[in-house]
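1. predicted model and sequence below, questions to follow.
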Amino acid sequence: QKSLNEFMSKPANTWKEVRCRLQDLFQEKNAIIRDNPRLRDKVLTPLIDCIMHLPAEIGDYTDFYSSREHATNVGIMFRGKENALQPNWLHLPVGYHGRASSVFLSGTDIVRPSGQLQKNAKDPSLGSVYGPCKLLDFELEVAFFVGGKSLPPGQAISMDEAHEHIFGYCLMNDWSARDIQKWEYVPLGPFGSKNFATTISPWIVSPLALEPFKCPTSAKEQSDPEPLEYLRDPDYSSYDILLAVDIQTKNGTRATVTKSNFANLYWTPRQQLVHHSITGCCMRPGDLLGSGTISGSTDESLGSMLELSWKGEREVKLGGDNCETRKFLQDGDTVIISGIGSKDGVGRVGFGACVGKVLEQGSKVAPGPGRGSWVKME
């Protein structure tokens, strides 16, 4: 099969049975693969020889806005402390529909987008100009793939059923053109500023693999206000997944600019999925749902350059021989997102890497077969 969609459509107990069987086959005491060189050569491929593909045919992609810290920071920048959170934010998981056609696999180069930019930052009445984005940004996210049987139109997924429809998680970078976004987002939200590229890691990590890392969310509870009944999660919790973002410049300087945690989400994936379907929206196997930027409460845990540079008002130090700094991403910068669960007595569960390099506006990327859908492992 060319994708995991068919497997994703199976019931959750099937996913569990397959996982248990694979774990059994690779136990040191199991001789089926261990003592059969012919079979071993057939079923195992050295990582360096692997070509990774997009794990699913993504029919629809939705991105949420579920970190309270991130939403508060952005609100303070553009509306002030008194109106940091919009009135609806604590009542529902805010989201928007993205472009599945521009979800790319880790390792795919990202061409700097062009679009309409506000001509005068202080006076929108002067209109716009066309040009390349000057404020290109990353967004540190974790996404999940929808699985299970598709429900008929008009039927919603309940909170009790939500876990049966979350197939697994991957890392995500929802690239953002902040200056294009500023001019276009009123009144319907982001459009061209988000539709040009979203990068995901190729590995899907199952909820079962993450169960040992279960932990409270950073909010601990949702009581002020309490969500409506359909959104109340009796198992309101998250996973202790350490997340990091590195920037490597074309000069070779590499620095970690962000250290956050998946637990820094106010609205959980279960709540996101339930709210998405509450209107009767059909959720299909292979659909991708992004968490939104995951920011924490400290300066080092901010999940975007918009926050790290506080709208371009401060420099982010990268170091290196040239003492490089950034406010937003420059051409030649490579963004590397990593994620890992680690616990004494349990071990480590990694997510691989989510990597993308920024190319200058107008760069040509080979459009051959698999463009954006596969990458050679190195």
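-> Everything's here; your move. Note that this is a predicted model, so its numbers are computed, not measured.

2. when you work out contacts or count neighbours from here on, use the C-alpha atoms and nothing else.
-> OK.

3. burial check on the nearest residue to Asp174 once chain neighbours are set aside, number of neighbours?
-> For Asp174, ignoring the flanking residues on the chain, the nearest one in space by Cα to Cα, 6 or more residues apart in numbering is Thr198 at 4.6 Å. Counted with other Cα atoms under 10 Å, the neighbours of Thr198 add up to 27.

4. what's the answer for Asn5, then?
-> Neighbour tally, Asn5, other Cα under 10 Å: 21.

5. just checking, it touches Pro285?
-> Yes - Asn5 lies in contact with Pro285 (Cα atoms under 8 Å); the separation is 5.8 Å.

6. ok, the residue nearest to Asp174 touching Asn173?
-> Yes - at 5.7 Å, Thr198 counts as touching Asn173 under the criterion of Cα under 8 Å.

7. can you tell me the average pLDDT over stretch 205-214?
-> Taken as a whole, stretch 205-214 has a mean pLDDT of 98.

8. quick check: buried residues in it?
-> Buried residues in stretch 205-214, defined by neighbour count with 16 or more other Cα atoms under 10 Å: 205-207, 210, 212-213.

9. which residues touch whichever helix or strand Gly356 is part of?
-> Counting by DSSP states H and E, the element that carries Gly356 is strand 347-359. The list of residues contacting strand 347-359 from outside it, by Cα atoms under 8 Å, 6 or more residues apart in numbering, reads 105-112, 170-173, 199-205, 209-210, 329-342.

10. same question, stretch 205-225
-> Under Cα under 8 Å, 6+ apart, the answer for stretch 205-225 is 16, 90-91, 166-170, 236-241, 263-266, 341-343, 346, 349, 351.

11. 7 Å instead, please
-> 90, 167-170, 237-240, 263-266, 341, 351 (Cα atoms under 7 Å, 6 or more residues apart in numbering).

12. what are the phi and psi values at Asn13?
-> Dihedral pair for Asn13: phi -70, psi -30, per degrees, to the nearest 10.

13. dump the residue contacts of it.
-> Here Asn13 is in contact with no residue (Cα under 7 Å, 6+ apart).

14. mind checking which of the buried residues of stretch 205-214 land in helices?
-> Taking DSSP state H as the definition of helices, the buried residues of stretch 205-214 contribute 207, 210.
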